[in-house]
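[1] structure for this input, please:
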Amino acid sequence: MVTHQAQNSVKGESYNVYQYHEQSYLPHFHKNFELAYLVCGTADFTVRNRTYAIDTGAFILVLPYELHSFQVHKGGKLLIIVFSENYIKTFSGMLHDKQGEVSVFQCAQPIRALFEEVM
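    Here you go, the predicted structure:
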């Protein structure tokens, strides 16, 4: 079953931050961007029917309206930030009617440290 997350589809400058420990989330979509960071452990993250097995330090970018789901394995911790396009208007405009090819990427330690401070 696919669900629409209405709380993550609001207009204006909005964002939500979530933490998931050893949890799964069924396929869903929303209007806003989603940036996920696996703080520790392993997880399976599916975007557009492609499943990525990710490890500590991996980032996932989910574009608006992309169907996605995840499962954080035992001992894992996932940080998710869902934010409106208003925070990144230029980038958002460049993505109009486009899809990403690969949703997983890595960042240097100073960037990862910023995300870990949020927790």
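[2] helix/strand/coil for the closest residue to Ser69 other than its chain neighbours?
    Among residues not flanking Ser69 along the chain, Pro27 sits closest, at 4.4 Å (CB to CB, 6 or more residues apart in numbering). All C-beta spots, glycine's among them, are computed from the backbone N, C-alpha and C. Put simply, Pro27 is strand when judged by DSSP: H, G, I helix; E, B strand; the rest coil.
[3] can I assume Pro27 is in contact with His68?
    Yes. Between Pro27 and His68 there is a contact under CB atoms under 8 Å: 7.0 Å.
[4] for those two, indicate the residue with more neighbours.
    Neighbours per residue (other CB atoms under 10 Å) separate Pro27 from His68, with His68 holding more: 21 against 13.
[5] how close does that one get to Ile60?
    Counting by CB to CB, to the nearest Å, the gap from His68 to Ile60 is 8 Å.
[6] what residues are shared contacts of those two?
    With contacts taken as CB atoms under 8 Å, 6 or more residues apart in numbering, the residues that reach both His68 and Ile60 are Glu34, Phe45, Val47.
[7] would you reformat those residues as TSV and include neighbour count, secondary structure and pLDDT?
    Shown next, in TSV, are the shared contacts of His68 and Ile60 (neighbours: other CB atoms under 10 Å; DSSP: H, G, I helix; E, B strand; the rest coil; pLDDT from 0 to 100):
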residue	neighbour count	secondary structure	pLDDT
Glu34	24	strand	92
Phe45	23	strand	96
Val47	23	strand	94
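[8] and which of these is nearest Pro110?
    Glu34 (22.2 Å; CB to CB).
[9] bridged to that closest one, which residues?
    For Glu34, the beta-bridge partners are Val62, Val82 (DSSP bridges).
[10] which residues touch it?
    Per CB under 8 Å, 6+ apart, neighbours of Glu34: Asn8, Ile60, Leu61, Val62, His68, Ile80, Ile81, Val82, Phe83.
[11] excluding chain neighbours, what is closest to Ser14?
    The shortest distance from Ser14 to any residue other than its chain neighbours is 5.0 Å, reached at Ser84 (CB to CB, 6+ apart).
[12] hmm, the one you found is touching Tyr15, no?
    Yes. If you go by CB under 8 Å, Ser84 and Tyr15 touch, sitting 6.9 Å apart.
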